[in-house]
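Peer 1: dropping a prediction and its sequence here:
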Amino acid sequence: MRTILFILQKEFLQIFRNRMMLPIIFGVPVIQLLILAYAATFDLKNIRAFVTDLDQSSSSRELIGKFKGSPFFTITGYSFTVDEGFQAIEKGKADVIIQIPADFENDLVNEKKAAVGLIADAINGSTASLVNAYTTAIIRDYNINLVTKMIGRNVKMPIQVQYSYWFNPELDYKTYMVPGILVLLVTLIGMFLSGMNVVREKEIGTIEQINVTPIKKYQFIAGKLIPFWIIALFELAFGLVVAKIFFNIPIVGSVGLIFGVAAVYMIAVLGLGLIISTMSDTMQQSMFVSWFFMVIFILMSGLFTTVDSMPQWAQTINHINPVAYFIKIIRMIMLKGSGFSDIFNPFMALVAYSFIALSIAVWRYRKVA
């Protein structure tokens, strides 16, 4: 134990002597959290609509007014031809064309029905679906008001739906994203720093000096892992405070349970980083390999898209993705208040992952003088 303490002292001295390391460890995660929490969102708050009003009637103007009054829509242009709307979409200046045909008001009065054309830019399929849903909702509201005016009394719908949203009543996307971003930040810090740790000793030539000492392999690995394990948990604590102060993210469940799971998770991540470090010859090589795994882990973690929506083969591969497990766990604890029994299966997967990663890291480090 005394030997490990000496190694820990050496590691902390190296970390705090490096002036570039401190901003990376403590400054970058906070900046990334504040930026990504606002930028990483699928909410549509500025849908650019191009209007083609061929009717120029009071009814068509009333419909257009509905879109103007919506906080989600911005009217970017008007024309009397659909071709100009197509040009706006092709130039990236519009997301949807609202086409109001001629005789729109006349058809409403005489035929009791009328058509409205919607043409959406569907390069991004999910965005197009949301644009269509928002647009259709406004037209539906206009339609209900129109029927009310024609009949002269309030229209009672045969089925009335009342919504109750659990765990995120305001439907704020930041509430969903921030816990996942916290996982991303501690993972980046843990994997990159541990991934450069042993290989740094190789580059500066001190690994040979360590190898001739009576330090055992497990002591060396523990001394390399524990400092970044402590730093990562501190980063998580600091991130939770920032999330609560700046974004008012609720922590419904146990904070102790979050840190208990995080402690196991960071052993898995740091173990994986140490494996990469022991296999690499240069810090540059270690960074490239770490980034390769991180990109795959992040994109398949469920941070941006749900794992259930992925193909079956991707869901199978995701069983070896520790990031996916922790993102699922931290969201369940923070937003749902889940207990240990609720997260037992993904937690045990992290325990197994940690044991395997740490065992391989100790095995891969060859203590050769």
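Peer 2: Great, that's in hand.

Peer 1: packing partners for the lengthiest helix in the chain?
Peer 2: Longest helix in the chain, counting residues (DSSP state H): helix 217-247. Other helices and strands packing on helix 217-247, by 3 or more Cβ pairs under 8 Å, 6 or more residues apart in numbering; DSSP states H and E, are helix 2-17, helix 28-39, helix 173-195, helix 197-204, helix 255-279, helix 344-364. All C-beta spots, glycine's among them, are computed from the backbone N, C-alpha and C.

Peer 1: so which of the ones you listed is nearest residue 304?
Peer 2: Closest to residue 304 of the helices and strands packed on helix 217-247, according to Cβ to Cβ: helix 173-195, at 8.3 Å.

Peer 1: could you look up the SS state of residue 74?
Peer 2: Assigned by DSSP: H, G, I helix; E, B strand; the rest coil, the conformation of residue 74 is strand.

Peer 1: for the one 10 residues further on, same thing?
Peer 2: Using three-state DSSP as the criterion, the local structure at residue 84 reads helix.

Peer 1: distance of residue 318 from residue 296?
Peer 2: From residue 318 across to residue 296, the span is 10 Å (Cβ to Cβ, to the nearest Å).

Peer 1: of those two, which one has the most company?
Peer 2: residue 318 (18 against 14; other Cβ atoms under 10 Å).

Peer 1: surely that one is within a helix?
Peer 2: Yes - counting by three-state DSSP, residue 318 is part of a helix.

Peer 1: for it, give its distance to residue 282.
Peer 2: For residue 318 relative to residue 282 (Cβ to Cβ), the value is 31 Å.

Peer 1: any idea how far residue 131 lies from residue 119?
Peer 2: Taking Cβ to Cβ, one finds residue 131 at 10 Å from residue 119.

Peer 1: what's the overlap in contacts for these two?
Peer 2: Taking Cβ atoms under 8 Å, 6 or more residues apart in numbering as the criterion, residue 131 and residue 119 both touch residue 96.

Peer 1: if you count what's nearby, which of the two comes out ahead?
Peer 2: Taking neighbours as other Cβ under 10 Å, residue 131 and residue 119 compare with residue 131 leading, 23 against 16.

Peer 1: for the more buried one, what is the enclosing helix or strand?
Peer 2: helix 125-151 (DSSP states H and E).

Peer 1: hey, what's in contact with both of residue 318 and residue 296?
Peer 2: Common contact partners of residue 318 and residue 296 (Cβ under 8 Å, 6+ apart): none.

Peer 1: where does the residue nearest the centre of the chain sit: helix, strand or coil?
Peer 2: Geometric centre of the chain, nearest residue: residue 303, 3.7 Å, by Cα atoms, centre = their mean. Counting by three-state DSSP, the backbone at residue 303 sits in coil.

Peer 1: confidence score at the nearest residue to it once chain neighbours are set aside?
Peer 2: Using Cβ to Cβ, 6 or more residues apart in numbering and skipping residues adjacent in sequence, the residue nearest residue 303 is residue 180, 4.3 Å away. Model confidence at residue 180, given as pLDDT, is 90.
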